[in-house]
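Trainee: task: produce atomic coordinates for the following.
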Amino acid sequence: MTIPEFFGKYSLEKSIKKIFYDYGYGVSAFNLIKKVGAVSDKFGFKSFLIGGFPRDVLIYILKSNAETAEYYKSSNVFNDYSGFLDLDVAVEGGSEKLVSAVKNDKNLKSLLHSLNIHDRFGTALAEFNAGGKPLKIDFASLRTEIYIKSGILPKVDTSSATIEKDILRRDFTVNTVAFSMNKSNFLEIKSYLSGIEDILNKKIKVLHKLSFIDDPTRIFRAVRFEKRLDFRIERRTLKLLKEALKQKALDNVSGKRITAELYILFKEKNPEIYFERLDKLSVLNSINSNLRFFKKNKILIKRINRYFSETKNFKILNEIFKNIGEGKKLFYLAGIFYGLNKKELNEVSERLKLGNVVEEQLKKILFLDGDKINNLKYNYNADDVVGLYKNLNKIDDKSLLFYLFKNEDEKKAGLIFRKIVVRYLEKSVTEKPFLNGDDIKAMGICEGPLCGIILNELKSLKTAGRLKNKADEIKYVESQYLKNIKKN
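Mentor: Numbers count the residues shown, from 1 in each chain. Alright, predicted model coming up:
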């Protein structure tokens, strides 16, 4: 296919510079890839920007072009300018040799922050400083791959691969477009299959009929690209995808690899639309027969996503989670698994190899604390605020927050309890007692379970507005506990 004029070198250079600028790299990132290309020339290598970056640059140009902008307006590329960019560079001649040359080049070694080499796959992950921000470049030797068994990582051969052969091993045609980095033909587009044509036609298409059998995780990637780019999985590819599922291809993939694909989907702007599509294609059902994504799951994921995205909630989230990103991941899992019973959750957790820590947290959120909250909801005394707060303080804050997501549309009596939980969380996670365990021990009270009980009471009373300062807390401990201890 003839490459359209709006993909000319001037347009590519202008667009790439604009993308780098918007991400805060300025001209540094563009100069960096030119320098890597110059080193390639110097030592006789051929290097190419390949994969997601060239694909998204072409879509970016289409979104910016007056004639095509309307057709591509929903394609989600280069929108998170607060983040960082990762580039993939394919090298003919050996990535390890090019990386060694880059590492010793006077114009590049001062910019190289870190380097990790993976000999098995002939790859090296380098992190450069570009305009004060980290820019990761994943160098990989051009290679061919042979899949010995479905779902198992392939056998790699880098000895005689060319760009034409390397492209044949890739997942979808839209990811086969490459930009030359060498000085002699800098930013020249390489497209040996229907990559550009399928980008123009908004199609997700595999390269061969065994693609999903060789690597079943491509099923998740097909959905990811379809929804993120607002493309569509073309008819033959969709048929091959469904046939792979019927042949139970996912059974050959380890739980950790499947979980890694799910976690990538969690990072998308609207993850619920991806899981809705996975459910419609029976992908989730292929992971476990009980795993489905119903309307209630979709609503939960949307609420979780919205809450974690609003800066006004960061203070509470920072108190509840050591890492907000990990907390969001945990809640997404809870949202997807909501509706499973304990036995089904055990089965799914084992299949996905989530690990004991995550599984126990999910059980607590979905079942153990969930039952405690429901019991309290229907049996609390509205006049005994302190008593209510004491009971809420015995429940994990993560479980209380998840309860709020589940019951955002509560009515009447349920709404009153929900408001109490909201008020409790807003105060309790940010307002700690003035006294701590050491203070209580210094007052002559032995450490142990009693100390925890006292701290719980102090927190509950402070949250309820009954204790205003440190002096109030000391007075309370003395009157309620110290006198009794002295009597005994």
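Trainee: pLDDT score assigned to Ile152?
Mentor: Ile152 is assigned a predicted lDDT (pLDDT) of 56.
Trainee: swap that for Asp157, please
Mentor: Looking at Asp157, its pLDDT reads 54.
Trainee: now do stretch 242-253: distance from first to last residue.
Mentor: 16 Å (Cα to Cα, to the nearest Å).
Trainee: wait, doesn't Lys353 sit right on Ser254?
Mentor: Yes - with contacts counted by Cβ atoms under 8 Å, Lys353 reaches Ser254, the gap being 7.1 Å. Backbone N, C-alpha and C define where each C-beta goes, glycine included.
Trainee: what stretches of this protein score poorly on pLDDT?
Mentor: Where the chain drops to pLDDT under 70, the residues are 1, 119-122, 143-161, 413, 430, 446-448, 483-488.
Trainee: distance of the residue nearest the centre of it relative to Gly83?
Mentor: For the chain, the residue nearest the mean C-alpha position is Lys267 (3.2 Å; Cα atoms, centre = their mean). In this view, Lys267 and Gly83 are 10 Å apart by Cβ to Cβ, to the nearest Å.
Trainee: likewise Asp279?
Mentor: Distance from Asp279 to Gly83, by Cβ to Cβ: 28 Å.
Trainee: list the buried ones in the host helix or strand of Gly452?
Mentor: In the assignment (DSSP states H and E), Gly452 maps to helix 449-463. By neighbour count with 16 or more other Cβ atoms under 10 Å, helix 449-463 contains the buried residues 451, 454-463.
Trainee: what do you get for stretch 41-54?
Mentor: 45-54.
Trainee: check stretch 75-83 too.
Mentor: Under the neighbour-count rule (16+ other Cβ under 10 Å), stretch 75-83 has 75-78 buried.
Trainee: the domain parsing of this protein - what is it?
Mentor: With domains defined by automatic domain parsing, the chain comprises 5-201, 437-487.
Trainee: kindly check the end-to-end length of the longest one for me.
Mentor: Right, domain 5-201. 16 Å.
Trainee: from Leu278, how far off is the closest residue to Lys136 other than its chain neighbours?
Mentor: Distances taken as Cβ to Cβ, 6 or more residues apart in numbering put Asp86 closest to Lys136, at 4.5 Å, once the chain neighbours are dropped. As judged by Cβ to Cβ, Asp86 and Leu278 stand 24 Å apart.
Trainee: looking at those two, which is more packed in?
Mentor: Between Asp86 and Leu278, counted using other Cβ atoms under 10 Å, Leu278 has the larger neighbour count: 25 against 15.
Trainee: the residue nearest to Lys136: what's it in contact with?
Mentor: Taking Cβ atoms under 8 Å, 6 or more residues apart in numbering as the criterion, Asp86 is in contact with 136-138.
Trainee: confirm Gly335 sits in a strand?
Mentor: No - read with DSSP: H, G, I helix; E, B strand; the rest coil, Gly335 is helix and lies in no strand.
Trainee: and the residue nearest to the centre of the chain, how far is that from Tyr10?
Mentor: Lys267 is 33 Å from Tyr10, by Cβ to Cβ.
Trainee: go on, Ile19?
Mentor: For Ile19, the distance to Tyr10 equals 15 Å [Cβ to Cβ].
Trainee: more neighbours: which of these two?
Mentor: Ile19 (20 against 9).
Trainee: for the more buried one, which non-adjacent residue is spatially closest?
Mentor: Phe78 (5.3 Å).
Trainee: can you get me a residue count around Asp279?
Mentor: Neighbour tally, Asp279, other Cβ under 10 Å: 18.
Trainee: which non-adjacent residue is nearest it?
Mentor: Sequence neighbours aside, Phe293 is the residue nearest to Asp279 in space, at 3.7 Å (criterion: Cβ to Cβ, 6+ apart).
Trainee: what's the burial count for the one you found?
Mentor: Phe293 has 23 neighbours, counted by other Cβ under 10 Å.
Trainee: Phe417: what's it in contact with?
Mentor: Counting by Cβ under 8 Å, 6+ apart, the residues that Phe417 touches are 377, 380, 410.
Trainee: one more pass at 10 Å, please.
Mentor: Shown in contact with Phe417 (Cβ atoms under 10 Å, 6 or more residues apart in numbering): 373-374, 376-378, 380, 382, 388, 403, 407, 410.
Trainee: and if you look at Val27?
Mentor: By Cβ under 10 Å, 6+ apart, the contact list for Val27 reads 17, 20-21, 130-131.
Trainee: element containing Arg170, please.
Mentor: Going by DSSP H and E, Arg170 is not in any helix or strand.
Trainee: and what of Leu49?
Mentor: strand 46-50.
Trainee: and that strand, which strands flank it?
Mentor: strand 86-92 (antiparallel), strand 178-180 (antiparallel) (DSSP bridges).
Trainee: how about residues contacting the shortest one?
Mentor: The contact list for strand 178-180, computed with Cβ under 10 Å, 6+ apart, reads 9, 12, 16, 33, 37, 40, 46-51, 53-55, 57-58, 88-90, 163, 166-167, 185-192, 195.
Trainee: rerun that using 8 Å as the cut-off
Mentor: 12, 37, 46-50, 54, 57, 90, 163, 167, 186-191.
Trainee: how about stretch 299-319?
Mentor: 270-272, 275, 324, 327-328, 331-332, 334-336, 338, 397, 401, 405-406, 408, 425-426, 429-430.
Trainee: can you do 7 Å?
Mentor: Here stretch 299-319 makes contact (Cβ atoms under 7 Å, 6 or more residues apart in numbering) with 271-272, 275, 324, 327-328, 331-332, 335, 338, 405-406, 408, 425-426, 429-430.
Trainee: quick one: which of the residues you listed sit in helices?
Mentor: Within the contacts of stretch 299-319, residues falling in helices by DSSP state H are 271-272, 275, 324, 327-328, 331-332, 335, 405-406, 425-426.
Trainee: so which of the residues you listed wins on neighbours?
Mentor: With neighbours defined as other Cβ under 10 Å, the most crowded of the ones in helices among the contacts of stretch 299-319 is Gly335; it has 27 neighbours.
Trainee: pretty sure that residue is touching Asn297, no?
Mentor: Yes - between Gly335 and Asn297 there is a contact under Cβ atoms under 7 Å: 6.0 Å.
Trainee: show me the contacts for Leu58.
Mentor: Leu58 makes contact with 7, 177, 199 under the criterion Cβ under 7 Å, 6+ apart.
Trainee: the same query, at a cut-off of 6 Å, please.
Mentor: Under the criterion of Cβ atoms under 6 Å, 6 or more residues apart in numbering, the contact partners of Leu58 comprise Ile199.
Trainee: name the element it belongs to?
Mentor: helix 52-64.
Trainee: kindly format the C-alpha coordinates of that helix as CSV.
Mentor: What follows is helix 52-64, C-alpha atoms only, in CSV (Å, rounded to 0.1, in the frame of the first residue of the first chain):
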residue,chain,number,x,y,z
GLY,A,52,3.0,0.7,20.1
PHE,A,53,4.8,4.0,19.7
PRO,A,54,4.9,4.1,15.8
ARG,A,55,1.3,2.9,15.8
ASP,A,56,0.1,5.6,18.2
VAL,A,57,2.1,8.3,16.4
LEU,A,58,0.3,7.5,13.2
ILE,A,59,-3.1,7.5,15.0
TYR,A,60,-2.1,10.8,16.6
ILE,A,61,-1.5,12.3,13.2
LEU,A,62,-4.9,11.0,12.0
LYS,A,63,-6.5,12.6,15.1
SER,A,64,-4.8,15.9,14.2
